[in-house]
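> how would this look folded up:
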Amino acid sequence: MLKKQLLIYCLALFFLPVRVMAAECNAPTCYSLISAKDNYHLEIQTTQTVPINQLFSLDIIITNSEGKPLTSKIDLDLDASMPQHNHGMNVKPVIKNLGEGKFQVEGMLFHMSGAWTLSFTITKGITREAAQWVVEVQ
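Next comes the predicted model:
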């Protein structure tokens, strides 16, 4: 089972437009991503390990490609799905834009174990850029 999960994770990293960077935050669970076109860095924090069938929240900080705070307005959209099961979450999370590239996402819920793909869409004016994060929930 572990070999299969590792293979799925490696394939996902190969095919998805995302690069995972070393985390530099103090939250118990913290991940950093680079967007598909390298214009944004995303730091994703949660205060707990991602649970099964329990609500949790995410704090997200988006910076420019040099890691500097954003000075212009951006919007963030987030969707989560299980591609292997062809379904998404049963709830719609609430995304609060706190300004300067900071967002709080409340109401996340993964109702079953397995590989979940979080798809982030960053919008600045008419320009959109994506980032994805694969989470193995156990």
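
> Show me which positions of stretch 55-75 end up buried.
Across stretch 55-75, burial judged by 16 or more other CB atoms under 10 Å covers F56, S57, L58, D59, I60, I61, I62, T63, L70, I74. Where C-beta positions appear, they are placed from N, C-alpha and C, glycine not excepted.

> Which strand residues bridge the fourth one?
According to DSSP bridges, the partner residues bridging D59 are Q45, Q104.

> right, and it touches L42 too?
No - in this structure, D59 is not within contact of L42 by CB atoms under 8 Å, at 10.9 Å.

> so what's the closest residue to Q138 other than its chain neighbours up against?
Computed as CB to CB, 6 or more residues apart in numbering, the closest residue to Q138 that is not its neighbour in sequence is S113, at 5.4 Å. Counting by CB atoms under 8 Å, 6 or more residues apart in numbering, S113 touches I52, V137, Q138.

> so how far is I74 from S113?
In this structure, S113 and I74 are 33 Å apart, going by CB to CB, to the nearest Å.

> which residues does the residue lying closest to M89 once chain neighbours are set aside contact?
Distances taken as CB to CB, 6+ apart place A80 nearest to M89, at 5.0 Å, with adjacent residues excluded. Going by CB under 8 Å, 6+ apart, A80 touches G88, M89, M108, F110, W116, T117, L118, S119.

> which residues does A80 form a beta bridge with?
Beta-bridge partners for A80, by DSSP bridges, are L118.

> and if you look at T127?
Counting by DSSP bridges, T127 is bridged to K124.

> residues near it, how many?
Other residues near T127 come to 10 when the count uses other CB atoms under 10 Å.

> I'd like the distance between it and N39.
Relative to N39, T127 is positioned 9 Å away (CB to CB).

> In this protein, mark out all the helices, start to finish.
Under the criterion DSSP state H, the chain carries helices at the ranges 2-15.

> quick one: contacts for the nearest residue to T121 once chain neighbours are set aside?
Nearest residue to T121, sequence neighbours excluded (CB to CB, 6+ apart): D77, at 4.3 Å. Counting by CB under 8 Å, 6+ apart, D77 makes contact with I95, F120, T121, T123.

> Which members of these are classed as buried?
The neighbour count (16+ other CB under 10 Å) marks I95, F120 as buried among these.
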